[in-house]
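Visitor: From the sequence below, what's the structure:
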Amino acid sequence: MAEMTPEQQQALAIASARLRLQNQQQGQPADDALSVSRTGVGGLIEGIPIAGPIIRDWTERAAGATLAAFSDETYDQVMDRIHDANRAEKEANPIVDKGAQIAGAVAGTIPAVMAAPAAFGAGSGSLLLRSGISGMTGATIGGADAGVRSGGDAEKIKEGITMGGLFGLGGPVAGKVVGAGARSLVDALRTRAAARMAGMDPQAFGYFRRAFTDDGLDAVSLPQRLQEMGSNAIPADLGPNLQKQAGALAATPGAAQTTIRTTLADRAAGANARIGQTIDETTGRNVVPSGVQADIAANQNAHSPLYREAFREATPYNTEPIASALEADISRLRGPAQARLRQVRGMLNIADSNVLSTDPGVMFQSRQAIDGLLKTEIDPKVISALTEARQMLDDGLTRAVPRIKEVDAGYAELARQDEAVTRGQQVLDSGRTAPRPSELAGEVERGAQPQGMQIGPSAVPLRLSQGARAEIDRIVGTNSNDIVAMNRLIKGEGDWNRARLATLFGPEKAERLFKVLDNESIYADTANTVTRNSETAARLAAQNELGGGSGNFGVKEAFKAGGFLGAARSAAIDKVDGIVKALMSSNTGNATRESLARALVGEQREKLVEGLMRAKGMGTTPALVDPVVKALLLNAGTARTR
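Guide: Got it, this is the predicted structure:
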């Protein structure tokens, strides 16, 4: 349909106005459908505070001027007819007129309340201050509206100021009261819908959501939090309020108690297996240090034939220079170092004589004896003297037995591996024998380098990790019933153990191991807390039942003990205790407790998250409640002056 031209629109408006006047002249009833519609539209416009009467007057004047221009009547005659028609329609439809004016007043005030909420008593400040501001705003609007509608009548303006101020004064209080009621109603509807989505009893869902919120949790991050804590994590692990609810259920006989206790017991029973599996996956198969070192010793013994083969090509060696050097040091040194060198000098002689031996085998055995002395020696001067003597013998053997260094390389590699196994068992120590992370990193780097004539990388880093793995196994074995102690011993007090294990097994594996240990520690803490709380609650219930319970220590007593802060803390704790008491009460049905128990142990997690998401926004007043209430109150005051 094509749009009408301005001339066509003007002609249609004139025809409508003429028809209206004609109907009035013919005495058409003022309560027909068309009149009711006009009354409603006019009332909506007229009801707008202050501006409403002005807008309606302008509209009627424009219509009157248009009709007068195209009729035989004067402008005043046309306006009189319009006013008479309006009065007749209002008298015929008083309810429609009053309702439309109220609707127009509210609709016209709401934007102002939302645009400048502080002027209507919202925002910060005491209730008295906000009520005063709202009263001033109401008085201003009431006076201005009365002035416009009465044509400036002073009495009407005074009445408008008074009534507007009184009703505006009550705006903040009324908004709060009505808002609380609306919030409760909306929350009840949301709770039922969210509980249905979560597959829970509505009362149980309300308990769970309150504890969930008090623990600072939100539905969006819930799946991620549980995933980070491992596949065996349950919602009860996430906060003290949820744990307290689980403790209350665990203390109350019934299906809910069985659900909570069975879940925690089954999880605790599998803790060692889960930890053991993670340790195997991150640090490798467990080894027994004594077994590894026995294998190393066997391999060292296997070098004996190789040494014998090498000595077949040996030639006599003049040890006079070595003996002279030793004698010079003996004459210079004093104390244990002198005694040890005198002992070594005697080893170079032919047995039971003072004659130096030229047999390379004597030098070899002397070197072996020095190695034995060095293993137990702690005096640095003795160690220095013996090391120098050994080096001279080693140089002589290299000349006398050409292939001995090849055999020495294999034997020395095994000796280093043996030492690495022992060193690895000290990695998690907290005493002075434990290496610093930087020291261990250096040992691993140096240990991987081949020594002497060895070909290929050394197995020292492997032996270090095997030693550390064995120590972890020892800690687990001696603390299998105390997950917290196990966690503390493996992780240590600071970050050193994390860095050490990252050096030996890799950062990712070390992080995974520590994460599992943390998770298992949380699981154990949940079980201990729930069990401890449930046993305490059961004892208190029995004590009260037998008449031995003590009086309540409430907010009043807390205020006496700790002032306002004590009272606040007491009120917060009483809030949680109230839920716990309700859960343990016979008035709370078994179905409610069982529904809450299933949620706390993580059954139907996906539905639970969906329900919590649906419940977001609960506890907040619907956005339009406060503006509507204040608009109604303000216009109730102005309506009394119209």
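
Visitor: Would you agree residue 458 is in contact with residue 413?
Guide: Yes - contact between residue 458 and residue 413 holds when scored by CB atoms under 8 Å: they sit 6.1 Å apart. Backbone N, C-alpha and C define where each C-beta goes, glycine included.

Visitor: Identify the contacts common to the two.
Guide: 450-451 (CB atoms under 8 Å, 6 or more residues apart in numbering).

Visitor: Is there a neighbour count for residue 266? I'd like the number.
Guide: Counted with other CB atoms under 10 Å, the neighbours of residue 266 add up to 10.

Visitor: typo on my end, residue 67
Guide: Once other CB under 10 Å is used to define contacts, residue 67 is seen to have 23 neighbours.

Visitor: so it sits in a helix?
Guide: Yes - Residue 67 sits within a helix when classified using DSSP: H, G, I helix; E, B strand; the rest coil.

Visitor: And the pLDDT for it?
Guide: According to the per-residue confidence, residue 67 scores 73 in pLDDT.

Visitor: same question, residue 466
Guide: For residue 466, the predicted pLDDT is 94.

Visitor: Was I right to think it contacts residue 287?
Guide: Yes - Residue 466 lies in contact with residue 287 (CB under 8 Å); the separation is 5.0 Å.

Visitor: between the two, who's got more neighbours?
Guide: When residue 466 and residue 287 are compared on other CB under 10 Å, the one with more neighbours turns out to be residue 466, at 25 against 17.

Visitor: Contacts only, for that one.
Guide: Residue 466 makes contacts with 284, 287, 289, 292, 421, 424, as judged by CB under 8 Å, 6+ apart.

Visitor: So among those, which ones count as buried?
Guide: The neighbour-count test (16 or more other CB atoms under 10 Å) marks 284, 287, 289, 292, 421, 424 as buried among those.

Visitor: The residue lying closest to the first one once chain neighbours are set aside: which element?
Guide: Nearest non-adjacent residue to residue 284, counting by CB to CB, 6 or more residues apart in numbering: residue 469, 5.8 Å away. When secondary structure is defined using DSSP states H and E, the element that contains residue 469 is helix 460-478.

Visitor: which secondary structure elements does the helix or strand following that helix contact?
Guide: Scanning the chain past helix 460-478 towards its C-terminal end, the next helix or strand to appear is helix 483-491 (assignment: DSSP H and E). Packing contacts for helix 483-491, counted by 3 or more CB pairs under 8 Å, 6 or more residues apart in numbering; DSSP states H and E, involve helix 271-283, helix 460-478, helix 496-505, helix 507-545.

Visitor: could you dump those to CSV with distance to residue 613?
Guide: Rendered in CSV, the data for the helices and strands packed on helix 483-491 read as follows (distance: least, CB to CB, whole Å):
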stretch, distance to residue 613
helix 271-283, 31
helix 460-478, 41
helix 496-505, 36
helix 507-545, 25
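
Visitor: For residue 408, find the nearest of those helices.
Guide: Comparing the helices and strands packed on helix 483-491 by their distance to residue 408 (CB to CB), the top pick is helix 460-478, with 16.6 Å.

Visitor: Buried residues, that closest one. List them.
Guide: Judged by neighbour count using 16+ other CB under 10 Å, the buried positions of helix 460-478 are 460-473, 475-476.

Visitor: and of the helices and strands packed on helix 483-491, who's closest to residue 348?
Guide: Nearest to residue 348 among the helices and strands packed on helix 483-491 is helix 460-478; the distance by CB to CB comes to 32.7 Å.

Visitor: The closest one versus helix 496-505: what angle between them?
Guide: Comparing the axes of helix 460-478 and helix 496-505 via axes from the mean of the first three to the mean of the last three CA atoms, to 10 degrees yields an angle of 130 degrees.

Visitor: hang on, the earlier thing: wouldn't the residue nearest to residue 284 be in contact with residue 281 here?
Guide: No - the pair formed by residue 469 and residue 281 falls short of the contact definition of CB under 8 Å, at 11.9 Å.

Visitor: What about residue 349? Give its phi and psi, please.
Guide: Residue 349 has phi and psi values of phi -80, psi 160 when expressed as degrees, to the nearest 10.

Visitor: Could you count how many residues lie near it?
Guide: Close neighbours of residue 349, defined as other CB under 10 Å, add up to 15.

Visitor: what does the one 4 residues further on give?
Guide: Residue 353: 8 surrounding residues under other CB under 10 Å.

Visitor: Same question for residue 512.
Guide: The burial count assigned to residue 512 is 15, neighbours taken as other CB under 10 Å.

Visitor: Provide a list of residues in contact with it.
Guide: Shown here is residue 512, whose contacts under the criterion CB under 8 Å, 6+ apart are 278, 281-282.

Visitor: Quick check: residue 599 vs residue 212, distance?
Guide: Residue 599 is 9 Å from residue 212, where distance means CB to CB, to the nearest Å.

Visitor: Have a look at those two and say which one is more surrounded.
Guide: In terms of neighbours (other CB under 10 Å), residue 599 is the more surrounded of residue 599 and residue 212; the figures are 30 against 24.

Visitor: Just give the closest residue to that one, not the sequence neighbours.
Guide: residue 208 (5.1 Å).

Visitor: and the one you found, what element?
Guide: Taking DSSP H and E as the criterion, the element that holds residue 208 is helix 202-214.

Visitor: which other helices and strands contact that helix?
Guide: If contacts are counted by 3+ CB pairs under 8 Å, 6+ apart, helix 202-214 sits against helix 171-198, helix 240-250, helix 555-584, helix 590-600, helix 605-614.

Visitor: could you check the angle helix 202-214 makes with the last one?
Guide: Using the same axes, to 10 degrees, one finds that helix 605-614 and helix 202-214 are set 80 degrees apart in direction.

Visitor: Output the helix holding residue 469 as PDB - backbone C-alpha positions only.
Guide: Listed next in PDB are the C-alpha coordinates belonging to helix 460-478 (Å, rounded to 0.1, in the frame of the first residue of the first chain):
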ATOM      1  CA  VAL A 460      75.700 -41.600  35.600                       C
ATOM      2  CA  PRO A 461      72.500 -39.500  35.000                       C
ATOM      3  CA  LEU A 462      70.500 -42.700  34.800                       C
ATOM      4  CA  ARG A 463      71.900 -44.000  38.100                       C
ATOM      5  CA  LEU A 464      71.200 -40.700  39.700                       C
ATOM      6  CA  SER A 465      67.500 -40.900  38.700                       C
ATOM      7  CA  GLN A 466      67.400 -44.500  39.800                       C
ATOM      8  CA  GLY A 467      68.700 -43.600  43.200                       C
ATOM      9  CA  ALA A 468      66.100 -40.800  43.500                       C
ATOM     10  CA  ARG A 469      63.300 -43.100  42.300                       C
ATOM     11  CA  ALA A 470      64.300 -45.600  45.000                       C
ATOM     12  CA  GLU A 471      64.200 -42.900  47.700                       C
ATOM     13  CA  ILE A 472      60.700 -41.900  46.500                       C
ATOM     14  CA  ASP A 473      59.600 -45.600  46.800                       C
ATOM     15  CA  ARG A 474      61.100 -45.700  50.300                       C
ATOM     16  CA  ILE A 475      59.100 -42.600  51.300                       C
ATOM     17  CA  VAL A 476      55.900 -44.000  49.900                       C
ATOM     18  CA  GLY A 477      56.400 -47.300  51.600                       C
ATOM     19  CA  THR A 478      57.000 -45.900  55.000                       C
END
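
Visitor: thinking again about what came up before, who touches both of residue 599 and residue 212?
Guide: Where contact means CB under 8 Å, 6+ apart, the residues bridging residue 599 and residue 212 through contact with each are residue 235.

Visitor: Contacts for stretch 525-532, please.
Guide: Where contact means CB under 8 Å, 6+ apart, the residues beyond stretch 525-532 that reach it are 234, 236-237, 240, 243, 246-247, 250, 260, 264-265, 267-268, 484.
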